[in-house]
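Asks: Predicted model and sequence follow; I will ask about them next.
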Number of protein chains: 2
Amino acid sequence: MDILITNDDGPYSPGLKVLYESVKDIGNIYIVVPETPKSASGLGITLHKPLRVSRINFRDMDIFLINGTPSDIVYIALNTLFDKIDLVLSGVNIGDNTSMQVILSSGTIGAAAQAALSGIPAVAFSVAIDIPEKMEEEDMRKSLKKNIKKIVSGIVSKGFPKGIDIININFPNKPTNIFELAKIARTRYSNIVYERKDPRGQKYYWIYGEPLKPEPGTDVYVVHVKKNIAFTPIKLDFKDISRDSVIDFLSYLNKQ
Amino acid sequence: MDILITNDDGPYSPGLKVLYESVKDIGNIYIVVPETPKSASGLGITLHKPLRVSRINFRDMDIFLINGTPSDIVYIALNTLFDKIDLVLSGVNIGDNTSMQVILSSGTIGAAAQAALSGIPAVAFSVAIDIPEKMEEEDMRKSLKKNIKKIVSGIVSKGFPKGIDIININFPNKPTNIFELAKIARTRYSNIVYERKDPRGQKYYWIYGEPLKPEPGTDVYVVHVKKNIAFTPIKLDFKDISRDSVIDFLSYLNKQ
């Protein structure tokens, strides 16, 4: 199996190394990442600037670097760098990618979504820790590697689950082997903006948010309250919605 | 009604002016845009850099500028600049925002989605033209303004349709008054990468795509084939998917 791995935080993220080590014996591994960290860039894609590709060897990984977004990276990798890719793996991201609020702005999910739109199944991996150093702890690394290997070996032996585009995996902040099906919460953080003043007295703003109380059954709850591994299948198609009020509004418009 | 209007292409987009003129008599209008064009930035949000706000008057519009993404702009506007916003309008974008492929990477939709996640209903407006100059044509401007006014007046008088987060409006490249309910296509463009060489012989790449043949009933078809105004309700929640293969895969993982 030909596997593309990527990480929205670039070549130096410890999560890239963990992901690589988890799967390097499972298939042919190709690594392509943004030159610089592109957290929270969503599915943004670069249409108005040309992109450059370079290549480095770092921590025993042969890595292609592209000066673009996570979505660009996957687009270029699938359409020009490599002949055949069967599976795209994105992560391991420092910080969980739970809730629509976070997922829609996530570079880790953005890379997976670009793969899916190009017809390649993808798995996004994230872990609910705040700082990269926690990923280097021995029991955390071991647990992540064991469970990532389980998932990817499962895909190799059983095939990717039918009818879905992306498997979104979120690990809790302590080792566990329990996988739990989780639906996507709507929001994860409250909306907060901090206003500060620079040394010249000019205002500037930080976007911030405090964690909200999660609802049972959601990815946020599974990861942060139950401390299980949240397993969330995603199909890139919005839910059908009750149409009465929509039809009514539409017929109003057509009568104006 | 307090209405926030934004445009992912910044203050100089002719689409911002058209949107402003369409609704300026309907409510209290607040205008906030990115300093520089942020097309195709999706729902990306800026967490690691502080943001600055400035203010200009341009083409008779009082405009707040923020050095961030469309999603940042809406976040800052709703959470610190203004006390109360009832509705967010995003656009008019040059180029249609049809299909999941385009919608998930769209700054126009990104701004609307950020509004929705903050609990404010939003309408995204786009028009299927390639160049800004077409927006300046008199019959195009008149038709856009008339129909945008219809929609926003409808929201003021009838309320925003229940159960949905965003109304995604895509105008065809010629004037019409026919609104048609449209579902979201999956893809709009084929995946193409052009490889070029710079004057020093180094390779660079352009991301590109050719339009795909659209399926009847989709937003792409309604706008490009039928040349009607595509009216697409969006709820920010992915479709529930057939779970048998997922449950099977999950129980396999928990047995390993």
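Replies: Perfect, thanks for sending it.
Asks: Verify the stated contact: residue A:42 with residue A:107.
Replies: Yes - using Cβ atoms under 8 Å, residue A:42 is in contact with residue A:107, at 6.9 Å. The C-beta positions use only the backbone N, C-alpha and C, and glycine is treated the same way.
Asks: list the residues that contact both of those two?
Replies: Jointly contacting residue A:42 and residue A:107 under the rule Cβ atoms under 8 Å, 6 or more residues apart in numbering or on different chains are A:71, B:44.
Asks: does chain B sit close to stretch A:51-68?
Replies: Yes - Stretch A:51-68 comes into contact with chain B (Cβ under 8 Å from any Cβ of the partner chain), by way of A:51-53.
Asks: That stretch: end-to-end distance?
Replies: Taking Cα to Cα, to the nearest Å, the first and last residues of stretch A:51-68 lie 7 Å apart.
Asks: Could you list the buried residues of that stretch?
Replies: A:51-53, A:61, A:63-68 (16 or more other Cβ atoms under 10 Å in any protein chain shown).
Asks: out of those, what pair is the most spread apart?
Replies: A:51 and A:61 (20.7 Å; Cβ to Cβ).
Asks: In terms of helices and strands, where is residue A:194?
Replies: Assessed by DSSP states H and E, residue A:194 sits inside strand A:192-197.
Asks: Compute the distance from the centre of that strand to the centre of its chain.
Replies: 28 Å (Cα atoms, centre = their mean, to the nearest Å).
Asks: Tell me which other helices or strands that strand touches.
Replies: Where contact means 3 or more Cβ pairs under 8 Å, 6 or more residues apart in numbering or on different chains; DSSP states H and E, strand A:192-197 is packed against strand A:203-208.
Asks: The strand it packs on: what's the following helix or strand?
Replies: In N-to-C order, the element after strand A:203-208 by DSSP H and E is helix A:219-224.
Asks: Closest residue of chain A to chain B?
Replies: Proximity of chain A to chain B (Cβ to the nearest Cβ) peaks at residue A:42, 3.3 Å away.
Asks: what's the spacing between that residue and residue A:92?
Replies: 19 Å (Cβ to Cβ, to the nearest Å).
Asks: Name the residue in those two with the higher neighbour count.
Replies: Of the pair residue A:42 and residue A:92, residue A:42 is the one with more neighbours under other Cβ atoms under 10 Å in any protein chain shown, namely 32 against 29.
Asks: For the stretch 101-250 of chain A, just list every one of the helices.
Replies: Counting by DSSP state H, counting those that start in this stretch, the stretch 101-250 of chain A has helices at residues A:107-117, A:132-135, A:138-158, A:219-224, A:244-255.
Asks: Alpha carbons only: can I get the shortest one in PDB?
Replies: In other words, helix A:132-135. Taking C-alpha atoms only, helix A:132-135 is exported to PDB below (Å, rounded to 0.1, in the frame of the first residue of the first chain):
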ATOM      1  CA  PRO A 132       4.500  19.200  21.900                       C
ATOM      2  CA  GLU A 133       6.700  18.000  24.800                       C
ATOM      3  CA  LYS A 134       3.900  15.800  26.100                       C
ATOM      4  CA  MET A 135       4.100  13.800  22.800                       C
END
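Asks: what's near enough to touch residue A:212?
Replies: A:187-190, A:220.
Asks: Also within reach of chain B: list those from the residues you listed.
Replies: Applying Cβ under 8 Å from any Cβ to these, those adjacent to chain B are residue A:187.
Asks: three-state assignment of residue A:84?
Replies: coil (DSSP: H, G, I helix; E, B strand; the rest coil).
Asks: Likewise for the one 4 residues further on?
Replies: Per three-state DSSP, the secondary structure class of residue A:88 is strand.
Asks: For the spatially most central residue of chain A, report the pLDDT, please.
Replies: The centre of chain A sits closest to residue A:108, judged by Cα atoms, centre = their mean, with a distance of 2.5 Å. We note a pLDDT of 95 for residue A:108 in this prediction.
Asks: who touches the closest residue to it other than its chain neighbours in this structure?
Replies: Counting by Cβ to Cβ, 6 or more residues apart in numbering or on different chains, residue A:108 lies nearest to residue A:93, which is 4.2 Å off, once chain neighbours are set aside. Taking Cβ under 8 Å, 6+ apart, we find residue A:93 in contact with A:7-9, A:15, A:106, A:108, A:124-127.
Asks: cool, residue A:98 as well?
Replies: Contacts of residue A:98 by Cβ under 8 Å, 6+ apart are A:126, A:128, A:170, A:182, A:184-185, A:188, A:218-220, A:223-224, A:230.
Asks: For residue B:32, state which of those residues is nearest.
Replies: Distances from residue B:32 to the contacts of residue A:98, taken by Cβ to Cβ, are shortest for residue A:188, at 24.2 Å.
Asks: I'd like the distance between that closest one and residue B:45.
Replies: 12 Å.
Asks: Which one's more surrounded, these two?
Replies: Neighbours per residue (other Cβ under 10 Å) separate residue A:188 from residue B:45, with residue B:45 holding more: 26 against 23.
Asks: Residues of the stretch 51-200 of chain A that sit close to chain B?
Replies: A:51-53, A:71-72, A:75-76, A:78-80, A:100-101, A:104-105, A:107, A:110, A:113, A:117-118, A:150-151, A:154, A:158, A:161-164, A:177-179, A:181, A:184, A:186-187, A:191-193, A:195-196.
Asks: Next, residue A:51: phi, psi?
Replies: phi -110, psi 150 (degrees, to the nearest 10).
Asks: was I right about it contacting residue B:204?
Replies: Yes - counting by Cβ under 8 Å, residue A:51 touches residue B:204, with 6.5 Å between them.
Asks: ok, how many other residues are close to the spatially closest residue to residue A:191 that is not a sequence neighbour?
Replies: Using Cβ to Cβ, 6+ apart and skipping residues adjacent in sequence, the residue nearest residue A:191 is residue B:79, 4.9 Å away. Using other Cβ under 10 Å, residue B:79 has 17 neighbouring residues.
Asks: Now for residue B:79: which residues touch it?
Replies: Contacts of residue B:79 by Cβ under 8 Å, 6+ apart are A:191-193, B:118.
Asks: Now with 10 Å, please.
Replies: Going by Cβ atoms under 10 Å, 6 or more residues apart in numbering or on different chains, residue B:79 touches A:190-193, A:205, A:207-209, B:118.
Asks: Stretch A:92-100: how far from the chain's middle?
Replies: 6 Å.
Asks: how long is it end to end?
Replies: Stretch A:92-100 has an end-to-end distance of 19 Å (Cα to Cα).
Asks: Kindly report the same for stretch A:208-224.
Replies: End to end - Cα to Cα - stretch A:208-224 spans 19 Å.
Asks: How far away from the center of its chain is it?
Replies: 17 Å.
Asks: list the buried ones in it?
Replies: A:209, A:214, A:218-224.
Asks: Among the residues you listed, which pair sits farthest apart?
Replies: Across those (Cβ to Cβ), the longest gap, 19.8 Å, separates A:209 and A:222.
Asks: Nearest to residue B:29 among the buried residues of stretch A:51-68?
Replies: Nearest to residue B:29 among the buried residues of stretch A:51-68, with distances taken as Cβ to Cβ, is residue A:68, at 35.6 Å.
Asks: Grab the nearest non-local neighbour of residue A:125.
Replies: Per Cβ to Cβ, 6+ apart, closest to residue A:125 is residue A:91, 3.3 Å.
Asks: for residue A:82, same thing?
Replies: Spatial nearest neighbour of residue A:82, excluding adjacent residues (Cβ to Cβ, 6+ apart): residue A:30 at 5.5 Å.
Asks: Report the secondary structure element holding the one you found.
Replies: strand A:28-34.
Asks: Skip ahead from that strand and say which helix or strand is next.
Replies: Criterion used, DSSP H and E; the element after strand A:28-34 is strand A:53-58.
Asks: which residues sit against that following strand?
Replies: Counting by Cβ under 10 Å, 6+ apart, residues outside strand A:53-58 touching it are A:11-12, A:16-17, A:31-33, A:35, A:62-68, A:73, A:76-77, A:80-81, B:195, B:202-205.
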